[in-house]
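Peer 1: need coordinates for the below:
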Amino acid sequence: MHNELREQRHSPWVAFAMCSAAMYLTTLDLSVVNVAFPNILNDFGISRADASWIVTIYNIFFASLLVVAGKTADSIGRRRMFRIGVALFSIGSLGAAIAPSLGPLIVARAVQGAGGAILTPATLGLLIAAFPLERRTQVVAMWGGAGALGVASGPSLGALVISLSDWRAAFWINLPLCAILLAISGRFLSESPRSPSEQRPDYGGASLITLALAALALGISQSEVWGPTDVRTLGCIAGGLAVVAAFVRRQKTHPEPIVDLALFESRSFTIANFSGLAFFAGFAAMGLNNVLFLREAWGYDILTAGLLTAAAPVVVAICAPFSGQLAHRHGFRPFVVMGPLIIAGFMVLFTALFESERQPALFLILYSILAIGVGAFIPVNTAAAMAELPADQLSVGGAVNNTFRQVGSVLGIAALVAVLGDPTGHEELVDSFHRGWYLIAGTMVLAGLTGLRQRRGNFWRPIL
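Peer 2: Predicted coordinates:
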């Protein structure tokens, strides 16, 4: 149980800084594309549904490989997997930056997603092993806050660099940080003990997740084009659900399953995962819907749109550490319930206040206040998911938790694309964004209601 608390060659806060930087990088690329969306549409001359795969494919590969990567990290060493993940993420970023058309860009984004999936569970395992039990709630919450900051700052940072160059700069900016992490990780991160398994990880199961998510995302996102009752729509959704069922059956019988179903004996872990799935469906959709609204409905250029969302990541960065500290005293439940409900309320308010007439000051203020809900939920929900897990399941548990988030993001983006459609007139365009906000509000209410089942207390009490 205490094997993970190895003697560190360096301050654990150095490991925290590196792991948080890596987490920031992977989540930044979940949202940085949002602000570049219209630019890519115009550059390649493609539809919204086609362009949505630039976002979706990243999430699909991230989700499908996370748990396999977590198990592999526990087996061959978390530092080694961290370095492999950063290297792969660098290659994907370079490929995206030089992509000549949509196809190569989607492939590069898939490589990026794979790299992010490989390094994310390794960062969590390295981080938790560096700190004693009594510090973990705060530290994991802060690590989760770095992830929230990455997602929240993506549009504003992306807008800044794209305004100075073009949309490809959103991928070039990854390379310097990746180079730094690769250069110093060998010195400042201690390798974890290896726990080699005689069984290979379930790569077949990972393939099933990829296939299921791709089918579901295709069916949902194209439902507006094909029609909700079209045989292609129903076939994709039914096929995706059938593959999900096959995946669950495989997990029950495979000697080295991707998802150890015993993990779900932890109530805190289970509730955090399903609440996170609903939250991130809305969160991913919100990032894209808001940026498109600013650029297409209100007609702002990319830099102005980025500036109008720039205060939100600052609010998230301020709230995240305090959320971890307060959750340590008052428990997880208040934060995982109120965070999503705050966002849901503001989404409904957006539909009432924002029409064709520009109101930039009001948008900036409301969007900044809304970010309190993000800073309250994400770090605390991450801590809640990890609270009861045994030490040897930390990387895998963290990977499962992130998988649920990415699945939510895939489904949220697909649903938003279907809801938005391809409106022709300006009034119809504004109405489509209102539908998007209602969709987001619904997912956030679902996340908050699920969070009501979370335990009241805060604890690190590994199940044995």
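
Peer 1: how about residue 431, nearest residue that isn't a chain neighbour?
Peer 2: The shortest distance from residue 431 to any residue other than its chain neighbours is 7.4 Å, reached at residue 423 (Cβ to Cβ, 6 or more residues apart in numbering). Backbone N, C-alpha and C define where each C-beta goes, glycine included.

Peer 1: for residue 69, that is, sorry about that
Peer 2: residue 118 (4.5 Å).

Peer 1: give me every residue that touches that neighbour.
Peer 2: Counting by Cβ atoms under 8 Å, 6 or more residues apart in numbering, residue 118 makes contact with 65, 69, 72, 81, 84-85, 88.

Peer 1: does residue 228 sit in a helix, a strand or a coil?
Peer 2: coil (DSSP: H, G, I helix; E, B strand; the rest coil).

Peer 1: what's the separation between residue 343 and residue 331?
Peer 2: 21 Å (Cβ to Cβ, to the nearest Å).

Peer 1: grab the longest helix from the protein for me.
Peer 2: Among the segments of the chain that qualify as a helix by DSSP state H, the longest is helix 12-44.

Peer 1: and residue 343 and residue 331? Which one has more around it.
Peer 2: The residue with more neighbours, out of residue 343 and residue 331, is residue 343; 27 against 18, by other Cβ atoms under 10 Å.

Peer 1: need phi/psi at the more buried one.
Peer 2: Here is the backbone geometry of residue 343 (degrees, to the nearest 10): phi -60, psi -40.

Peer 1: tell me how many other residues crowd the residue nearest to it when sequence neighbours are not counted.
Peer 2: Leaving aside its sequence neighbours, residue 343 sits nearest to residue 373 (Cβ to Cβ, 6+ apart; 4.2 Å). By the criterion of other Cβ under 10 Å, residue 373 has 26 neighbours.

Peer 1: residue 373 touches residue 338, doesn't it?
Peer 2: Yes: the pair residue 373 / residue 338 is scored as a contact, 7.3 Å apart, by Cβ atoms under 8 Å.

Peer 1: any idea of the mean pLDDT for the longest helix of the chain?
Peer 2: Across helix 12-44, pLDDT averages out at 87.

Peer 1: start the count at 3 instead of 1 going forward.
Peer 2: Will do, 3 is the new start, and the previous item becomes helix 14-46.

Peer 1: let me see the ranges of the helices in the stretch 103-252 of the chain.
Peer 2: For the stretch 103-252 of the chain, the helices defined by DSSP state H, counting those that start in this stretch cover 104-132, 138-166, 171-174, 176-190, 205-223, 225-228, 233-255.

Peer 1: quick one: which of these is nearest residue 365?
Peer 2: Closest to residue 365 of the helices of the stretch 103-252 of the chain, according to Cβ to Cβ: helix 138-166, at 12.9 Å.

Peer 1: could I get the buried residue list for stretch 414-424?
Peer 2: 414-423 (16 or more other Cβ atoms under 10 Å).

Peer 1: which of the residues you listed fall within helices?
Peer 2: In helices, judged by DSSP H, the following of these are found: 414-422.

Peer 1: any chance of these in JSON lines, plus pLDDT and distance to residue 357?
Peer 2: Putting those into JSON lines (pLDDT from 0 to 100; distance: Cβ to Cβ, whole Å) gives the following:
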{"residue": "414", "pLDDT": "93", "distance to residue 357": "24"}
{"residue": "415", "pLDDT": "91", "distance to residue 357": "25"}
{"residue": "416", "pLDDT": "89", "distance to residue 357": "27"}
{"residue": "417", "pLDDT": "93", "distance to residue 357": "23"}
{"residue": "418", "pLDDT": "94", "distance to residue 357": "20"}
{"residue": "419", "pLDDT": "89", "distance to residue 357": "22"}
{"residue": "420", "pLDDT": "89", "distance to residue 357": "23"}
{"residue": "421", "pLDDT": "92", "distance to residue 357": "18"}
{"residue": "422", "pLDDT": "91", "distance to residue 357": "17"}
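
Peer 1: is it possible to export those to TSV including distance to residue 19?
Peer 2: Formatted as TSV, these follow (distance: Cβ to Cβ, whole Å):
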residue	distance to residue 19
414	30
415	31
416	35
417	36
418	34
419	37
420	40
421	39
422	39
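
Peer 1: wait, which of these is closest to residue 249?
Peer 2: Of these, the one sitting nearest to residue 249 (Cβ to Cβ) turns out to be residue 416, at 18.5 Å.

Peer 1: tell me the domain ranges of the protein?
Peer 2: According to automatic domain parsing, the chain comprises the domains 14-187+260-453, 204-259.

Peer 1: where in this structure is pLDDT low?
Peer 2: By pLDDT under 70, the weakly predicted segments of the chain are 3-12, 194-201, 397, 457-466.

Peer 1: so which elements touch the helix or strand hosting residue 346?
Peer 2: Under the criterion DSSP states H and E, the helix or strand holding residue 346 is helix 335-355. Contacts defined by 3 or more Cβ pairs under 8 Å, 6 or more residues apart in numbering; DSSP states H and E place helix 335-355 against helix 269-294, helix 313-332, helix 362-388, helix 428-453.

Peer 1: so what's the residue nearest to residue 174 when sequence neighbours are not counted up against?
Peer 2: Nearest non-adjacent residue to residue 174, counting by Cβ to Cβ, 6+ apart: residue 99, 4.9 Å away. Neighbouring residues of residue 99 by Cβ under 8 Å, 6+ apart: 170-171, 173-174.

Peer 1: then residue 161?
Peer 2: 37, 304-305, 307-309, 311.

Peer 1: go on, residue 23?
Peer 2: Each residue near residue 23 by Cβ under 8 Å, 6+ apart is listed here: 148, 179, 183.

Peer 1: between the residues you listed, which is closest to residue 409?
Peer 2: Set against residue 409, the nearest of these by Cβ to Cβ is residue 148 (21.2 Å).

Peer 1: report the spatially nearest residue to the closest one, omitting neighbours in sequence.
Peer 2: residue 22 (3.8 Å).

Peer 1: for residue 262, see how far away residue 396 is.
Peer 2: Distance, residue 396 to residue 262, by Cβ to Cβ: 13 Å.

Peer 1: got a list of what residue 149 touches?
Peer 2: With Cβ under 8 Å, 6+ apart, residue 149 has these contacts: 25-26, 28-29, 380, 384.

Peer 1: separation between it and residue 216?
Peer 2: To residue 216, residue 149 is 24 Å away according to Cβ to Cβ.

Peer 1: surely residue 253 meets residue 266?
Peer 2: No: counting by Cβ under 8 Å, residue 253 stays clear of residue 266, with 10.8 Å between them.

Peer 1: return the distance of the helix or strand residue 88 falls within from the chain's centre.
Peer 2: Using DSSP H and E, residue 88 falls within helix 80-99. Its chain's average C-alpha position is 17 Å from that of helix 80-99, according to Cα atoms, centre = their mean, to the nearest Å.

Peer 1: and the angle from it to helix 104-132?
Peer 2: 160 degrees (axes from the mean of the first three to the mean of the last three Cα atoms, to 10 degrees).

Peer 1: output helix 80-99 as PDB, nothing but the C-alphas.
Peer 2: Taking Å, rounded to 0.1, in the frame of the first residue of the first chain, the C-alpha atoms of helix 80-99 are listed here in PDB:
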ATOM      1  CA  ARG A  80       5.500   5.900 -15.400                       C
ATOM      2  CA  ARG A  81       8.400   8.200 -16.300                       C
ATOM      3  CA  ARG A  82       9.200   6.200 -19.400                       C
ATOM      4  CA  MET A  83       5.600   6.400 -20.500                       C
ATOM      5  CA  PHE A  84       5.600  10.100 -19.700                       C
ATOM      6  CA  ARG A  85       8.500  10.600 -22.100                       C
ATOM      7  CA  ILE A  86       7.000   8.500 -24.800                       C
ATOM      8  CA  GLY A  87       3.700  10.400 -24.600                       C
ATOM      9  CA  VAL A  88       5.400  13.800 -24.800                       C
ATOM     10  CA  ALA A  89       7.400  12.700 -27.800                       C
ATOM     11  CA  LEU A  90       4.300  11.300 -29.600                       C
ATOM     12  CA  PHE A  91       2.400  14.500 -28.800                       C
ATOM     13  CA  SER A  92       5.200  16.500 -30.300                       C
ATOM     14  CA  ILE A  93       5.100  14.500 -33.500                       C
ATOM     15  CA  GLY A  94       1.300  15.000 -33.700                       C
ATOM     16  CA  SER A  95       1.600  18.700 -33.100                       C
ATOM     17  CA  LEU A  96       4.200  19.100 -35.900                       C
ATOM     18  CA  GLY A  97       2.100  17.100 -38.300                       C
ATOM     19  CA  ALA A  98      -1.000  19.200 -37.500                       C
ATOM     20  CA  ALA A  99       1.000  22.400 -38.000                       C
END
